[in-house]
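**Q** Quick one, fold the following:
(chains A and B)
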Protein chains: 2
Amino acid sequence: MHTPALPSWSDGPAYRAIVDFVTSATTEGPGFIAPADRIATFDNDGTLWVEQPAPPQFDFLLRRWAKEAQDDPALASEQPYKAIIERDMAFFEGLAVQDPTVVMTLEKAMARSWAGTTPDVFEAQVREWVDTVKQPKFGIGYTKLVFKPMLELFDYLKANDFRVFVCSGGGRDFMRVFAEEAWGIPKENVIGSASAYAFTDGKLVRSDQMLGALALGPGKPEHIFAHTGRLPVFAGGNADVDIEMLTVASFAMLVSHDDAEREFAYTKGAEKSLAKAGELGWTVVSMKNDWASVFLEERAR
Amino acid sequence: MHTPALPSWSDGPAYRAIVDFVTSATTEGPGFIAPADRIATFDNDGTLWVEQPAPPQFDFLLRRWAKEAQDDPALASEQPYKAIIERDMAFFEGLAVQDPTVVMTLEKAMARSWAGTTPDVFEAQVREWVDTVKQPKFGIGYTKLVFKPMLELFDYLKANDFRVFVCSGGGRDFMRVFAEEAWGIPKENVIGSASAYAFTDGKLVRSDQMLGALALGPGKPEHIFAHTGRLPVFAGGNADVDIEMLTVASFAMLVSHDDAEREFAYTKGAEKSLAKAGELGWTVVSMKNDWASVFLEERAR
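**A** As a prediction, the model looks like this:
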């Protein structure tokens, strides 16, 4: 049963559930899904790449804001600059639970960094981060720490006429910088939290406002419907903020981080989604047992 | 030079400009465009289908609101119901110039009709309209009045690795109902003015707010960038509200409605864009001279 399409997946219940669903979706019968409806959506942080010790975009933002606080010492008494200087990472955990004070503070800092700029300014900064910064545990760039089994799954789904989208609470424009090279996903298939832009004097200028809600929790189906006109039939996530997206899909898979040796072992932020998986029959993917290999590149040792 | 790819286009300057641009974009050399950047965007009303005597979505909305005013006579003294009952079409012209009072009145009426409903309610109403209502001049359904040369152009662009998007000031969700059958464009490639939806109690519910700006004028590049992460290299439109979208593209084409016999002859709402076309060297497509055939189906006589 082990087909060459998913070589990094070990034969097991997760692998078989995926292949059974896709086979059924593409075969005439009760499980058939019309090609037009074959929308697959995936979370990014923790689903497509390493999200420990913090989601990679945090590394990018924190470096930027640390630099700004260095350039303007008056910022040191304000959040989020204060938390960065004092290495108070607990402050940022408010984002995952959408604590309004933390969300507002971060939005304000983003506006300070980029409101009034054209997209190429942000893109060049993200590009530099991608090209130079290394993940602390693995010692290689973050975009090299994409999960190989997930890229194989993308190819397998595409070969079966699914359109694959990434939908992350992280920044849409952040992900779009590397989506094509790291995931083989065109920019227009990347959905995420985003700033609004205004077209003024012949150019796009970033505003200090968001476009729609954060793409977390209920924001995921909202953004996916707005973008695609449909809800996904196949969805993959790894955390409580993915529950709504996973619930609306016909097939839901939850990546379980249980591999301390090859990646990380943690359930923090995924307790409710793991419970839901049991309750609703979602496919739980054990990194330890279901993935024969984890990364595109071997760990730099 | 007349290739079979565009049989409804007459050989002439517009046809040749299109073929020259596409050939150059796909051939190594100074005009080459990387496949990733090959985004083509098209307006809908007047560019892809007949927009006289009024954009087809108006026909849909006016029928709906006339019915609501009939069911609730108290509405007869309020706008836009009053204008509909009195056949005061001048009232609605405020939309094209984004008169805030008119825009707000129409948004309020839309909210009255659909706020709090799930997407299937709206979709079923549009579907019924598509299936039953006939355009007054031609006597056939509006989606049968799509311009055949434009569909051939979509196929030609797609065959050359362009991704084709529609970006209309009209309703995103309205167009998505028929986009796949009428244009061969997947729902996710349809960009337009849209209501925000909230995911509540396990379902999507339409709000009384818009998501972002109207996709008119500067709203077109704003929506296109938000959706695709790029600006178009190829753009097609027919009116002043398309100017910003046409200006950002490497190749811009403007459909000129100069064919009173086969379609309509008018320049109203396109005066500035026609002037810009001359100024900036856009390709003006004369329906009369450049299109050997206009519609997918012949006029019902």
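**Q** tell me the SS of A:Leu204?
**A** strand (DSSP: H, G, I helix; E, B strand; the rest coil).
**Q** Write out the residues of the stretch 1-150 of chain A neighbouring chain B.
**A** Neighbours of chain B within the stretch 1-150 of chain A, by CB under 8 Å from any CB of the partner chain: A:Ala36, A:Ile39, A:Pro119. Where you see a C-beta, it was placed from the backbone N, CA and C, and this is true even at glycine.
**Q** Report pLDDT for the last one.
**A** What the model reports for A:Pro119 is a pLDDT of 98.
**Q** With the first one instead?
**A** On the pLDDT scale, A:Ala36 is placed at 98.
**Q** in a strand, that's where it is, yeah?
**A** No: under three-state DSSP, A:Ala36 sits outside any strand and is assigned helix.
**Q** between the residues of the stretch 1-150 of chain A next to chain B, which is closest to B:Leu61?
**A** Nearest to B:Leu61 among these: A:Ala36, at 26.2 Å, using CB to CB.
**Q** How about the contacts made by A:Gly269?
**A** A:Ala96, A:Ala239, A:Asp240, A:Val241 (CB atoms under 8 Å, 6 or more residues apart in numbering or on different chains).
**Q** Angles on the backbone of the residue nearest to it when sequence neighbours are not counted, please.
**A** Of all residues not flanking A:Gly269 in the chain, A:Ala239 sits nearest, at 4.9 Å (CB to CB, 6 or more residues apart in numbering or on different chains). Torsion angles at A:Ala239 (phi, psi; degrees, to the nearest 10) stand at phi -150, psi 170.
**Q** how much space between the nearest residue to A:Ala96 once chain neighbours are set aside and chain B?
**A** Excluding its sequence neighbours, the residue lying closest to A:Ala96 (CB to CB, 6+ apart) is A:Gly269, at 5.8 Å. To chain B, A:Gly269 is 20 Å away according to CB to the nearest CB, to the nearest Å.
**Q** Just want to check the distance between A:Gly269 and B:Leu153.
**A** The spacing between A:Gly269 and B:Leu153, counted by CB to CB, to the nearest Å, is 48 Å.
**Q** can you check A:Lys108 too?
**A** Applying CB to CB to A:Lys108 and B:Leu153 gives a distance of 46 Å.
**Q** More neighbours: which of the two?
**A** More neighbours surround B:Leu153 than the other of A:Lys108 and B:Leu153, with 26 against 15 (other CB atoms under 10 Å in any protein chain shown).
**Q** Secondary structure of that one: a strand, I assume?
**A** No: counting by three-state DSSP, B:Leu153 is not found in a strand; it is helix.
**Q** If I look at it, what pLDDT would I see?
**A** 98.
**Q** my guess is it meets B:Ile18, correct?
**A** Yes: between B:Leu153 and B:Ile18 a contact is recorded at 7.0 Å, counting by CB atoms under 8 Å.
**Q** what about A:Gln79, how many neighbours?
**A** There are 18 residues near A:Gln79, going by other CB under 10 Å.
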